[in-house]
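[1] Quick one, what's the 3D model for this:
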Amino acid sequence: ELPDVPPGKWTIRAAASGYRNGETSGVELGEGETKEGVVVSLRKGGSLSGRVLDPKKGTGVPNASVSWQAAGSSGGATGAMFARLGGGATNTATNTDADGRFRFDGLPEGRVTVIADHSDYLETSREVDPEKEATVDITLGTGGGISGSVVDRDGRTPVAGALVALNEEGDAGMFGGGDSTRTDGSGAFSFEHLKAGRFKLSAQSSTGKSPAKEVILAENQRQDGVLIAMVSAGATVRGTVSGLPQGKLGGIHVSANGKDYSDTTQTDDAGGFTLRDVAPGIVQFHANTSMPAGRSVSKSAEIPDGAGEVPVQIVFEGSSRLAGRVTRGERPLAGLFVSAFADPPLPGAGRATSQTDEDGRYALEGLSDGSYQVSVGGQGVSYRKVIPVSGDTTGDMAIPAATITGTVTEDGSGAPLEGVTIEAETGKETAAFAMKTAVSDSSGHYEIDGVDPGSYQISARKAGYQQKTSTASVRAESSSANFVLAKGSGISIRVYDGVTGLPLHGVTVLAFGASGSVAFQGSVGLDSTGKGEVSSLGPGRYSIYFFSDGYAPRSLPAVSAPSPEVAIAMTPGGRVEVHAGTSGSGRLTDGSGAVYLLSPYRLDGRVTAVPPASTWEHLAPGSYTLQMTGAAGQSVYSFTISEGQTTRLDLK
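    Next comes the predicted model:
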């Protein structure tokens, strides 16, 4: 019995020792209603035991964190972190005993990835099939290390107590691979148990900041004597934030980012802020108010070399208002978060957020006129709608009652398949998160709620199975689409640094089918050799984009599945400084004429440029064409990117 459950649609999850996790989705509860007879079916699961071992002594490592996740799901460390934070079922993580032993029960069918971690060692993961290998030994690694010292601007005086940040590149970028430490009394610092790869280090103290310093680490290599020097006095930015009512200008979070530079601060009660030692070049400033009634705005500025003091004004310029009421079945929905962002992007505009009151009402202030993606989420509700905003706009949102439901079973056995990702796509989505999604429960059932009338392509995918697609036409009533998935593999990949040859640790992948629909989106964990799999892609040809933190996106316009292993070399690439007199938006295409995506989340590849200048980081070497649309109409520009270089592009 679960008492005091607010009205809405809910998923009920259950976990028990020796059983696979179970859940029942789409349980709808009305105001004051008691829902009886809810059944959650748990099935017996497999078992796996083993030991975590010291790499030198071969003895067991006590109190190591061990977790598992289904093979092919996103990145090892991320899954392990969710398990340790309690963000999943209770039987996916454990600690080793005094002899380094661990045991898991209730494992799902198929291969799993086991991740072992300890503060004194390098994290290690291994893929295992429990049906063929009931016990497994995991030997932790020692890894490499980076040590050095932080000195002041004179290049000699050590800086004690400086905060040194280490950012690991070459991962999917969801949470990053960062770490930090403080220097001792002699200015020394050290990072241990590191994977091979590219790292960026920076230091900050009361005496100033340092630019980011790149360090490349081979497997089990040590890099000692790394010297991080505080920059010579850069510019002091004295800025103001305006455009908000008096009394709301204080405590606004302001961040600044430039080439090898970043810093943050907050505004005082009058909206003023100060950033010291700002590196010369183009700096992007972002101002964010506090939640839940949050707003954000961006501003770029060019900091001259040798400048003493530079004024920067960040203005919340929008004067339009979007307000309305969120209901479902004429019942107001309270406590839901409502957010809006311009689509296509409006230069300088950010995101506005609000929360519905007891009558389901919300208000978003300070919007610029344009088209907005407005999303509603929380308490089992996930809905999105495009609303044109001009002046004082009414944005009532009635969550549709229609759903797309169905079941997913395994070909041959007819057994229900849980954990299958179901996506409904209209073909008009410009952002990846605009598609409606659901995950099948332990009975194979799924339900996509709040579906607007229209035609949809429905896809079902799960690691170890071939993707299936179907179509559904939704009107006033609900629609159904059932899937039978056959076992099969996707596309095997090996991703590595094209300069050093070192393997990358993770990538975010976006794959489009022959029809242009999204066939796969998500992160792919890579093993210690850089190998992974873009799972669940059925036979056919795909256009695939690869993204990794700190690297330029790569695209493969025509990849066949199934296929031999595909090798992808990625490099940090170059950057573009776009100087513009007026704001505009456009689209990038590469030398082959294909759209070049800077982000896995923007499906149409649209980019924006704002005066005086914008920067686009990490473009792969090659030739590009930019088609810009602004107040003066459409213009076309061509430019070339070289590895590690900055290209200036002047827009007229």
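[2] all strands for the stretch 351-500 of the chain, in order.
    Assigned by DSSP state E, counting those that start in this stretch, the stretch 351-500 of the chain shows strands spanning 361-367, 370-378, 381-389, 392-394, 397-398, 404-410, 421-425, 436-439, 445-448, 454-461, 468-474, 479-480, 483-485, 491-497.
[3] what's in contact with the fifth one?
    Identification of contacts with strand 397-398 by CB atoms under 8 Å, 6 or more residues apart in numbering yields 324-328, 338, 374, 376, 383, 385. (C-beta placed from N, C-alpha, C; glycine too.)
[4] Give me the nearest residue to Val381, chain neighbours excluded.
    Spatial nearest neighbour of Val381, chain neighbours left out: Leu336 (5.9 Å); criterion: CB to CB, 6 or more residues apart in numbering.
[5] shouldn't the one you found be in contact with Gln379?
    Yes: the pair Leu336 / Gln379 is scored as a contact, 6.4 Å apart, by CB atoms under 8 Å.
[6] Which one's more surrounded, these two?
    Leu336 (24 against 16; other CB atoms under 10 Å).
[7] and that one, what is it in contact with?
    Applying CB under 8 Å, 6+ apart, we find Leu336 in contact with 326, 355-356, 360, 376-379, 381.
[8] ditto for Ala70
    Ala70 is in contact with 108, 110-113, 419, 463, counting by CB under 8 Å, 6+ apart.
[9] For it, report the pLDDT, please.
    What the model reports for Ala70 is a pLDDT of 77.
[10] and the next element down the chain from the helix or strand of the chain with the lowest mean pLDDT?
    Among the helical and strand segments of the chain, the one scoring lowest on mean pLDDT, DSSP states H and E is helix 76-84, with a mean of 33. With elements assigned by DSSP states H and E, the helix or strand that comes after helix 76-84 is strand 93-95.
[11] Quick check: can you name the pairing partners of that next one and their directions?
    strand 65-70 (antiparallel) (DSSP bridges).
[12] can I get the CA coordinates of the strand it pairs with in PDB?
    C-alpha atoms of strand 65-70 as PDB (Å, rounded to 0.1, in the frame of the first residue of the first chain):
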ATOM      1  CA  SER A  65      32.100  -0.600  -5.100                       C
ATOM      2  CA  VAL A  66      30.700  -3.100  -7.600                       C
ATOM      3  CA  SER A  67      27.700  -2.500  -9.800                       C
ATOM      4  CA  TRP A  68      26.200  -3.900 -13.000                       C
ATOM      5  CA  GLN A  69      24.100  -2.700 -15.900                       C
ATOM      6  CA  ALA A  70      22.700  -4.300 -19.000                       C
END
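[13] where are the low-confidence patches of the stretch 1-150 of the chain?
    72-91 (pLDDT under 70).
[14] again, 80 this time
    Along the stretch 1-150 of the chain, the model assigns pLDDT under 80 to residues 8-9, 70-91, 109-110.
[15] What ranges does it have for its strands?
    For the stretch 1-150 of the chain, the strands defined by DSSP E, counting those that start in this stretch cover 8-14, 22-29, 46-53, 65-70, 93-95, 101-107, 112-117, 124-128, 135-139, 144-151.
[16] so which of these comes closest to Tyr601?
    Taking CB to CB, strand 65-70 is the member of these nearest to Tyr601, at 23.0 Å.
[17] between that closest one and strand 46-53, how many degrees?
    With axes from the mean of the first three to the mean of the last three CA atoms, to 10 degrees defining the directions, strand 65-70 sits at 140 degrees from strand 46-53.
[18] and strand 65-70, how far out from the chain's middle?
    Centroid separation for strand 65-70 versus its chain: 21 Å, with CA atoms, centre = their mean, to the nearest Å.
[19] swap in stretch 357-366?
    Centre-to-centre, stretch 357-366 and its host chain are 28 Å apart (CA atoms, centre = their mean).
[20] Now do it, average pLDDT.
    Mean predicted lDDT for stretch 357-366 stands at 93.
[21] again, but for stretch 326-340
    So the average pLDDT for stretch 326-340 ends up being 90.
[22] how about the CA coordinates for it, as PDB?
    Provided in PDB are the C-alpha atoms of stretch 326-340 (Å, rounded to 0.1, in the frame of the first residue of the first chain):
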ATOM      1  CA  VAL A 326      -2.500  23.300 -17.600                       C
ATOM      2  CA  THR A 327      -5.400  20.800 -17.400                       C
ATOM      3  CA  ARG A 328      -6.100  17.200 -18.100                       C
ATOM      4  CA  GLY A 329      -9.700  16.100 -18.500                       C
ATOM      5  CA  GLU A 330     -10.700  19.600 -17.400                       C
ATOM      6  CA  ARG A 331      -8.900  19.000 -14.100                       C
ATOM      7  CA  PRO A 332      -6.200  21.600 -13.200                       C
ATOM      8  CA  LEU A 333      -2.700  20.100 -12.700                       C
ATOM      9  CA  ALA A 334      -0.700  21.800  -9.900                       C
ATOM     10  CA  GLY A 335       3.000  21.700  -9.100                       C
ATOM     11  CA  LEU A 336       4.100  21.000 -12.700                       C
ATOM     12  CA  PHE A 337       7.200  22.700 -14.200                       C
ATOM     13  CA  VAL A 338       6.500  24.700 -17.400                       C
ATOM     14  CA  SER A 339       9.500  25.800 -19.500                       C
ATOM     15  CA  ALA A 340       9.900  27.500 -22.800                       C
END
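[23] Name the residues of that stretch that come out as buried.
    Neighbour counts using 16 or more other CB atoms under 10 Å place 326-328, 333-334, 336-340 of stretch 326-340 among the buried residues.
[24] now that stretch, how far from the centre of its chain.
    With CA atoms, centre = their mean, you get 26 Å for stretch 326-340.
[25] what's the answer for stretch 131-138, then?
    The answer for stretch 131-138 is 32 Å, by CA atoms, centre = their mean.
[26] start to end distance for it?
    From its first residue to its last, stretch 131-138 covers 18 Å (CA to CA, to the nearest Å).
[27] Turn the strands of the stretch 351-500 of the chain into CSV, including mean neighbour count and distance to Asp268.
    Compiled in CSV, the strands of the stretch 351-500 of the chain are given as follows (neighbours: other CB atoms under 10 Å; distance: least, CB to CB, whole Å):
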stretch, mean neighbour count, distance to Asp268
strand 361-367, 21, 21
strand 370-378, 19, 31
strand 381-389, 17, 31
strand 392-394, 12, 32
strand 397-398, 20, 37
strand 404-410, 21, 51
strand 421-425, 21, 46
strand 436-439, 19, 43
strand 445-448, 23, 47
strand 454-461, 21, 49
strand 468-474, 16, 52
strand 479-480, 16, 55
strand 483-485, 20, 57
strand 491-497, 22, 44
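[28] Export the ones you listed as a markdown table, with columns for distance to Arg602.
    As requested, those are exported to a markdown table (distance: least, CB to CB, whole Å):
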| stretch | distance to Arg602 |
| --- | --- |
| strand 361-367 | 20 |
| strand 370-378 | 12 |
| strand 381-389 | 15 |
| strand 392-394 | 25 |
| strand 397-398 | 24 |
| strand 404-410 | 25 |
| strand 421-425 | 16 |
| strand 436-439 | 18 |
| strand 445-448 | 23 |
| strand 454-461 | 20 |
| strand 468-474 | 23 |
| strand 479-480 | 29 |
| strand 483-485 | 29 |
| strand 491-497 | 21 |
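[29] Point out the one among the ones you listed that comes closest to Asp179.
    With CB to CB as the criterion, Asp179 lies closest to strand 491-497 of the strands of the stretch 351-500 of the chain, at 20.1 Å.
[30] Report all helices and strands that the closest one contacts.
    Under the contact definition 3 or more CB pairs under 8 Å, 6 or more residues apart in numbering; DSSP states H and E, strand 491-497 sits against strand 531-534, strand 540-547, strand 566-570.
[31] what's the most buried one of those strands?
    strand 531-534 (a mean of 22; mean count of other CB atoms under 10 Å).
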